[in-house]
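>>> got a predicted structure here, sequence first:
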Amino acid sequence: MSDKNIALNDLHISLGGKMVPFAGFNMPVRYSSDKEEHLCVRQGVGVFDVSHMGEFLLEGPQALDLIQRVTSNDASKIVDGQAQYSCLPNEDGGIVDDLIVYRMSAEKYFLVVNASNIDKDWNWISQYNSDNIPMTNVSDDYSLFAVQGPKAIDTLQKITTVDLSAIKFYHFTEGSIGGVDEVIISATGYTGAGGFELYVKNEHAEKLWKAVFEAGETFDIKPIGLGARDTLRLEMGYCLYGNDIDDTTSPLEAGLGWITKFTKSFTNSEALLQQKEAGVTQKLVGFIMEEKGIPRGGYEILDARNQPIGKVTSGTMSPSMNVGIGMGYVRFGNHLPDSEIFIQVRNKTLKAKVTKLPLYKG
């Protein structure tokens with residue numbers, strides 16, 4: 001099956017975007033260079049078209065019950081206009097996917113899932129929908145723009161009467177922006193640079209995109225590709241599904257205990273509680289290289305005695321810090337901040353230090 005095109009595919013090509021297959025979609029990976037785009041977001045404002053992400057609507061008086069059944073976080077704690085990061089645990093101790101749950105009202109929830117897992121997540125949630133709660137896969141209807149960076153709010157405030165400064169982190173509203181009504185304006189992101197994510201119906205996507213870029217012209221706004229998205233999220237230590245978490249990794253091992261709430265029952269919660277009480281055997285950590293080298297996923301992690309203690313799951317050269325950084329699972333005991341570890345980079349063993357997240361603290 002060929003990869004899908006997002007709504008603004010032709011626009012990205014006209015802007016010089018290098019389109020690559022990613023998670024079943026043709027996506028812009030970069031327009032200039034990953035480093036230039038990365039620094040544009042850290043220092044100014046950039047826009048990612050992440051319309052490949054999936055969106056589900058769950059509705060009805062029992063929608064919350066289903067969400068509580070399949071997700072690890074406690075969705076009963078959020079109020080209208082609030083979003084929550086969560087994950088879908090599987091029955092075997094791993095993670096089906098991570099996601100964001102938006103509460104539109106007490107009987108309407110908007111779930112945002114990873115592009116590569118849209119069908120998998122839909123089927124997973126559906127199998128627990130024994131009460132036939134209305135579920136709608138609206139993934140093909142929406143475009144999603146992540147307007148990120150310290151100048152994002154100044155840019156977007158020019159084109160909306162919504163008081164963006166009043167929207168707290170992980171909260172959202174629906175409103176008019178850029179001349180487009182009923183846009184979900186969400187104070188979320190995957191960069192740690194601040195900003196908003198805009199969910200807009202495909203038929204209005206180009207109008208909104210152009211309005212955002214016109215408003216951001218004075219801040220030298222740029223389109224940003226997936227390459228920079230990965231380095232930005234890695235500097236913050238945000239997990240990437242398929243790299244740092246997957247069907248085999250426990251949310252507790254992945255440092256996601258803060259979204260694993262045992263105050264309620266959910267898929268595999270009893271086994272995860274036992275794991276918590278017994279203690280995990282490995283932990284996902286962030287690290288910074290102390291010797292020159294770029295860690296990559298799959299590289300071996302060693303202790304000072306040259307014994308294998310884990311594997312790198314994500315790695316890159318940090319554009320903000322000009323040093324190699326990464327994340328990886330290490331044997332419990334080697335996970336504490338400032339622990340000395342070694343990364344097997346090709347045929348060299350290079351020193352690194354376990355570092356408390358976020359790795360970039362600027």
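Cool, got the structure. These numbers were taken from a predicted model, which means no experiment stands behind them.
>>> nearest residue to the middle of the protein?
Most central in the chain under C-alpha atoms, centre = their mean is Y190, positioned 4.9 Å from the mean C-alpha point.
>>> contacting residues for the closest residue to that residue other than its chain neighbours?
Sequence neighbours aside, R233 is the residue nearest to Y190 in space, at 5.0 Å (criterion: C-beta to C-beta, 6 or more residues apart in numbering). C-betas here are computed from N, CA, C, even on glycine. Shown in contact with R233 (C-beta atoms under 8 Å, 6 or more residues apart in numbering): 190-192, 240.
>>> and what of S165?
Shown in contact with S165 (C-beta under 8 Å, 6+ apart): 153, 157.
>>> ok, V345 next?
Contacts of V345 (C-beta under 8 Å, 6+ apart): 293-296, 299.
>>> return the residues in contact with I301.
I301 touches 308-312, 328, 330, 341-344, counting by C-beta under 8 Å, 6+ apart.
>>> counting neighbours, which of these comes out on top?
G328 (29 neighbours; other C-beta atoms under 10 Å).
>>> assign V200 to helix, strand or coil.
strand (DSSP: H, G, I helix; E, B strand; the rest coil).
>>> ditto for L272
Judged by three-state DSSP, the three-state class of L272 is helix.
>>> P89 is in contact with that one, correct?
Yes - with contact defined as C-beta atoms under 8 Å, L272 counts as touching P89 (6.6 Å).
>>> intersection of neighbour lists for the two?
Both L272 and P89 are contacted by 72, 251, 260, under the criterion C-beta under 8 Å, 6+ apart.
>>> redo these as JSON lines? Include distance to A278, pLDDT and neighbour count.
As requested, these are arranged in JSON lines below (distance: C-beta to C-beta, whole Å; pLDDT from 0 to 100; neighbours: other C-beta atoms under 10 Å):
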{"residue": "S72", "distance to A278": "18", "pLDDT": "98", "neighbour count": "26"}
{"residue": "P251", "distance to A278": "15", "pLDDT": "98", "neighbour count": "28"}
{"residue": "T260", "distance to A278": "15", "pLDDT": "98", "neighbour count": "23"}
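>>> which one of those residues is nearest S186?
Using C-beta to C-beta, S72 is the member of the shared contacts of L272 and P89 that lies nearest S186, at 20.8 Å.
>>> most distant residue from the middle of the protein?
Quick read of the chain (C-alpha atoms, centre = their mean): farthest out is R305, 35.4 Å.
>>> what confidence value was assigned to it?
On pLDDT, R305 comes in at 97.
>>> same check, this time on S2
Here the pLDDT value assigned to S2 is 86.
>>> that one: which element?
S2 is part of no helix or strand, with elements assigned from DSSP states H and E.
>>> what's the answer for L232, then?
L232 is part of helix 226-236, with elements assigned from DSSP H and E.
>>> the spatially closest residue to D181 that is not a sequence neighbour bridge partners, please.
Distance criterion C-beta to C-beta, 6+ apart; nearest residue to D181, sequence neighbours excluded, is G175 at 7.8 Å. G175 has these beta-bridge partners by DSSP bridges: V183.
>>> G175 reaches V183, doesn't it?
Yes - the pair G175 / V183 is scored as a contact, 6.5 Å apart, by C-beta under 8 Å.
>>> which one of the two is surrounded by more residues?
A side-by-side neighbour count of G175 and V183, using other C-beta under 10 Å, places V183 first with 22 against 17.
>>> now the helices for the stretch 201-350 of the chain?
For the stretch 201-350 of the chain, the helices defined by DSSP state H, counting those that start in this stretch cover 205-215, 226-236, 269-278.
>>> so which of these gets nearest L8?
helix 205-215 (5.7 Å).
>>> quick one on the thing from earlier: what pLDDT does the residue nearest to Y190 get?
The score at R233 is 98. That number is its pLDDT.
>>> Q344 against R296, yeah?
No - between Q344 and R296 there is no contact under C-beta under 8 Å: 10.5 Å.
>>> so which strand or helix has F56?
Judged by DSSP H and E, F56 forms part of strand 54-59.
>>> note down every partner strand of that strand and its orientation.
Strand 54-59 is paired, per DSSP bridges, with strand 108-113 (antiparallel), strand 135-137 (antiparallel).
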